[in-house]
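J.: fold the following, please.
(chains A and B)
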Amino acid sequence: MATPQTMFEKIWSRHVVTEGPGSQALLYIDRHLLHEGSAPAFVRLGKRGVRVRRPDLSFATADHYVLTLPGTPAPDDEVREMVESLANNTRAQNVRFFGVGDPRRGIVHVIGPEQGLTLPGMLLVCGDSHTATHGAFGALAFGIGSTEVEHVLATQTLWQRKPKVMRITVDGALGPGVTAKDVILAIIATIGAGGGVGHAIEYAGSAFRAMSMDGRMTVCNMSIEAGARCGMVAPDETTYAFVEGKPFAPKGELWAKALAYWKTLPSDEGAAFDREVALDAMDIAPTVTWGTSPQDALPITARVPDPAHEPDRGRRESMERALAYMGLTAGMPLSDVTVDRVFIGSCTNSRLDDLRAAAHVVKGRRATIPAWVVPGSGLVKQAAEREGLDRIFRDAGFDWREAGCSMCVGMNTETAGEGERVASTSNRNFEGRQGKGARTHLMSPAMAAAAAVTGRLTDVRTLRS
Amino acid sequence: MQPFTRVTAVAAPIDLPNVDTDRVIPARFLRKGQGSPGYDRYLFHDVRFNADGSEKPDFVLNQPAYRDAKILVTAENFGCGSSREAAVWALDANGFRSVIAPVLGDIFHQNCFKNGLLPILLPADTCARLRRQLHERPGATLTVDLESQTVTGPDGATHAFAIDPFRKRSLLEGLDEIGLTQTYEGDIAAFEPKHAAAFPWLAP
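T.: So this is what the prediction gives:
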C-alpha cells in the first residue's frame, strides 16, 4: 500500500519540474497574481528584454495604492504613475488587468477567489505575504518577494525548499460572538509569531469544516502572522459550492473532471505531519490584540498583561516597549481601553460575510467615533449594497468606501494619526503599520463594529439583544 | 548580484524579537525605487530618526561604535511580516552583508539570497552570546566565511552554520537566478504540456 500523503505533499509533488541542485525543487506555477507593487518587476524584466512567459496564467489588479475615497483613485502623481505603470506593462505583455473603473477590481486576495482564478490543488503565488489566503481552497499558495515575482514572470517557475508540514486541529463548535478571526488570533497566540516558520500549515477539524469560505480565507490569510508562508484547508462541498459558476472556474465536462480530482486532495488517513497542534473551539473567546505583534492576543475579558511576570529578558523588554508604544498600563481590563477610530476591511476581513457580521452589530445603533468600511472588491461592494448593508452602515454614521487595501497597509494617504488608537479588522498591529505612531488593536468585524458603537474595546456578546 | 565570500566587519546587536519588515522599512517609502536618492535613510527610519530628521541617539546604529556595522545579530523572527524586498534593499543600501538570527521570517530569508545578503541561522543561545559580546565590546567585529560555513565571534570562537548548497553556490558566484533557471528551459518546456494535459481545468 502506498504511504499515506498529506494534502500539501500531493500538491507539491505534482508541481515539481525538477529537483536540485541542493535541496531545492523547481516548482511550476499555475497562477500568478500581481498588483501595483509588482510593477518594478515588470520594469526589470523589460530591461532584460524578456517577455512574460505565460501571460495567460497571470492576472493583475490595483489595490495597495488606490485611494478608497469615492471618485479619487490616486492621492498624488507618484501613485498615479505606479498604477499607470502596471496598466501599461500588463497591456504590453497581454496580462489581464482589473483596473480602476472595473467593478472586478479589488484586493488581490479577494478577487482571485471571487473570479474563480483560485482553484483547489493549484500552486498560486503573488508578491504579497497574505497570499496564503488562497490556501482556504485547498491550494498551495504563498507570498514571494519582488525578485521572485520577476522570476515567475520570466520562467513560470520558482526554486523552493520543501517546508515541513504542521497540522492545526480545532474541534468543536465556536461560541456565540466567536468568529474565524478569533480562531486564528488564538492560534497565533498559542504557537507564536515565529511558530510556523519553515512550515506549511494544514487547518483541520470540525471548526474549520463548519466555516464558510470567507471564514476559511480569514484563517489562512493570517498564517504568515504565525510565520508560515502557506496555510490550507482541505476542499469539501463548501469549497465546491463557492467555486462553481465563478467566471474563470471550469465548466461542464471540465468541472466534473476537476471535481473528481479535487476530491482526492485531502490528506490521507494516517498521513504523518511534522508537528501537530490542537485547540478546543470551546476555549476560544472574542479576541483582541494588546501589543505590537499579532501573537499579543487575549480574550476581550482579560487584562493587559504585566511584563514583570515574563521571565525572558528579551520578551520582557519587548512587552514593555509594546505597552509604551500602545499607551497601555499593565493590569488594566482590555474592555476599558478607549478607541479613536475603526477600520473594517483588508484581505483578512472585507468579504460579504465580514460586512454582514459587522452590519448585524451596527443595525439600529450609532458609531460614536470615526469608522470606515472598505469592501474587499467592487463586487463585494455591489453585493453588500444589494442587501442594504451600506444603508445600515451609513445610517449609523460609518464611511462606506471603495475597494482597496487602505488603512491596513498605510501605503497611500489613508493612515491613522500619531497616537490614534484603531480597532481594526486587518492583520498586523506592528508599530507604524497603520500610520506613523498609530496604535492598532486587531479583532473580528463584529468586535470592531461593537467598538465603533461604544468607543472602546467591547465584548460583542454584551451588546447582543 | 554581488558575490559573498568572506566578510569581516563590525556587527550590531538587535535584541528585540519579532522585528517586522514594516519596522525595517515603513510602507510609505515602498513607492521609492530601489537605490533612489536617500534610500539608505529609509532603513529602520521611524526608530532611527526623529520627526525633524535628527538621529535618535538610543538606536543601536546611531551609536558611534556601531555606525559602520555590516552585520546584524538579531533575536528570533527578524524580518517577519510583509514580503517587501525593500527591507533587504534598505539593508543593502547601508552596506549590510549578513544577518544572523535564531529564526528569520521566511520570505525575508529568501529575499536575502536574491540580493547578495547572507542570512545565517544559529542556535538561539549562540545568537544571545554573540549579542552579549557585541554589547560588552561595542564595535567588535565578526567574520563570516561562506566557503567554510563559519561565523567567528569577537571571542575567537567559531560557529558552523548550515546552508543549502544551491544557495551557497549562487552567493559565492553572485549568480543571477533567472539566468540560471533559463538553462532549465528544456525541463520546463517538457513539464508544461504534461501538466496542462493532466489538469486541463487550470487554463483560465
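
J.: would you confirm that B:Pro154 contacts B:Thr141?
T.: Yes - using CB atoms under 8 Å, B:Pro154 is in contact with B:Thr141, at 6.9 Å. For glycine as for every other residue, the C-beta is placed from the backbone atoms N, C-alpha and C.

J.: find residues that contact each of these two.
T.: Counting by CB atoms under 8 Å, 6 or more residues apart in numbering or on different chains, no residue touches both B:Pro154 and B:Thr141.

J.: mind checking pLDDT for A:Pro21?
T.: Per-residue pLDDT puts A:Pro21 at 74.

J.: ok, for it, nearest residue in space, not its chain neighbours?
T.: In space, and not counting its chain neighbours, A:Pro21 is closest to B:Phe166: 4.6 Å by CB to CB, 6 or more residues apart in numbering or on different chains.

J.: surely that neighbour is in a helix?
T.: Yes - assessed with DSSP: H, G, I helix; E, B strand; the rest coil, B:Phe166 lies in a helix.

J.: and it, how many neighbours?
T.: Using other CB atoms under 10 Å in any protein chain shown, B:Phe166 is surrounded by 19 other residues.

J.: you'd agree it is up against A:Leu26?
T.: No - B:Phe166 lies out of contact with A:Leu26 (CB under 8 Å); the separation is 10.3 Å.

J.: what do the two both touch?
T.: With CB under 8 Å, 6+ apart, B:Phe166 and A:Leu26 have common neighbours A:Trp159.

J.: now the helices for chain B?
T.: Ranges of helices in chain B, per DSSP state H, are B:21-24, B:45-48, B:86-93, B:106-113, B:124-136, B:165-173, B:177-182, B:185-198.

J.: tabulate these (CSV), appending distance to A:Ala359 and mean pLDDT.
T.: Below are those laid out as CSV (distance: least, CB to CB, whole Å; pLDDT from 0 to 100):
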stretch, distance to A:Ala359, mean pLDDT
helix B:21-24, 30, 98
helix B:45-48, 35, 97
helix B:86-93, 37, 98
helix B:106-113, 35, 97
helix B:124-136, 46, 97
helix B:165-173, 49, 94
helix B:177-182, 47, 93
helix B:185-198, 43, 98
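
J.: could these be laid out in JSON lines, adding distance to A:Glu385?
T.: What follows is the helices of chain B, written out as JSON lines (distance: least, CB to CB, whole Å):
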{"stretch": "helix B:21-24", "distance to A:Glu385": "33"}
{"stretch": "helix B:45-48", "distance to A:Glu385": "38"}
{"stretch": "helix B:86-93", "distance to A:Glu385": "37"}
{"stretch": "helix B:106-113", "distance to A:Glu385": "36"}
{"stretch": "helix B:124-136", "distance to A:Glu385": "52"}
{"stretch": "helix B:165-173", "distance to A:Glu385": "50"}
{"stretch": "helix B:177-182", "distance to A:Glu385": "45"}
{"stretch": "helix B:185-198", "distance to A:Glu385": "39"}
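
J.: which one of those helices lies closest to B:Ala69?
T.: Proximity to B:Ala69 (CB to CB) singles out helix B:124-136 among those, at 9.1 Å.

J.: for that closest one, packing partners?
T.: strand B:6-14, strand B:71-74, strand B:98-101 (3 or more CB pairs under 8 Å, 6 or more residues apart in numbering or on different chains; DSSP states H and E).

J.: tell me how many other residues crowd the closest residue to B:Leu134 other than its chain neighbours.
T.: Take B:Leu134 and drop its neighbours on the chain: the residue closest to it by CB to CB, 6+ apart is B:Pro13, 4.3 Å away. B:Pro13: 21 surrounding residues under other CB under 10 Å.

J.: just the pLDDT for A:Ala39.
T.: With respect to pLDDT, A:Ala39 scores 90.

J.: if I look at it, how far off is chain B?
T.: Between A:Ala39 and chain B the computed distance is 10 Å (CB to the nearest CB, to the nearest Å).

J.: tell me where the stretch 51-200 of chain A has helices.
T.: For the stretch 51-200 of chain A, applying DSSP state H, counting those that start in this stretch gives helices covering A:77-92, A:108-114, A:146-155, A:180-191.

J.: winner for burial among these?
T.: Among those, helix A:108-114 has the highest mean neighbour count (mean count of other CB atoms under 10 Å in any protein chain shown), at a mean of 28.

J.: what is the helix or strand of chain A with the lowest mean pLDDT packed up against?
T.: For chain A, using mean pLDDT, DSSP states H and E, the weakest element among its helices and strands is helix A:77-92, scoring a mean of 91. Counting contacts by 3+ CB pairs under 8 Å, 6+ apart, helix A:77-92 is packed against helix A:39-48, strand A:96-98.

J.: weakest of these in terms of mean pLDDT?
T.: Ranked on mean pLDDT, the bottom entry among the helices and strands packed on helix A:77-92 is helix A:39-48, at a mean of 93.

J.: and the lengthiest strand in chain A, does that touch chain B?
T.: Ordering each strand of chain A by length in residues (DSSP state E) puts strand A:164-171 first. No - Strand A:164-171 is not in contact with chain B by CB under 8 Å from any CB of the partner chain; minimum separation 11.6 Å.

J.: quick one: contacts for whichever residue of the stretch 201-350 of chain A sits closest to chain B?
T.: In the stretch 201-350 of chain A, the residue that lies nearest chain B is A:Pro250 (3.6 Å; CB to the nearest CB). Going by CB under 8 Å, 6+ apart, A:Pro250 touches A:119, A:257-258, B:201.

J.: A helix includes it, no?
T.: No - with three-state DSSP as the criterion, A:Pro250 is assigned coil and is not in a helix.

J.: let me see the contact set for the residue nearest the centre of chain B.
T.: In chain B, the centroid-proximal residue (CA atoms, centre = their mean) is B:Cys112; its distance is 4.4 Å. Going by CB under 8 Å, 6+ apart, B:Cys112 touches B:88, B:99, B:104, B:118-119.

J.: could you dump those to CSV with neighbour count and distance to A:Trp290?
T.: Output for the contacts of B:Cys112, formatted as CSV (neighbours: other CB atoms under 10 Å in any protein chain shown; distance: CB to CB, whole Å):
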residue, neighbour count, distance to A:Trp290
B:Val88, 30, 31
B:Val99, 23, 29
B:Leu104, 25, 26
B:Leu118, 23, 36
B:Pro119, 23, 31
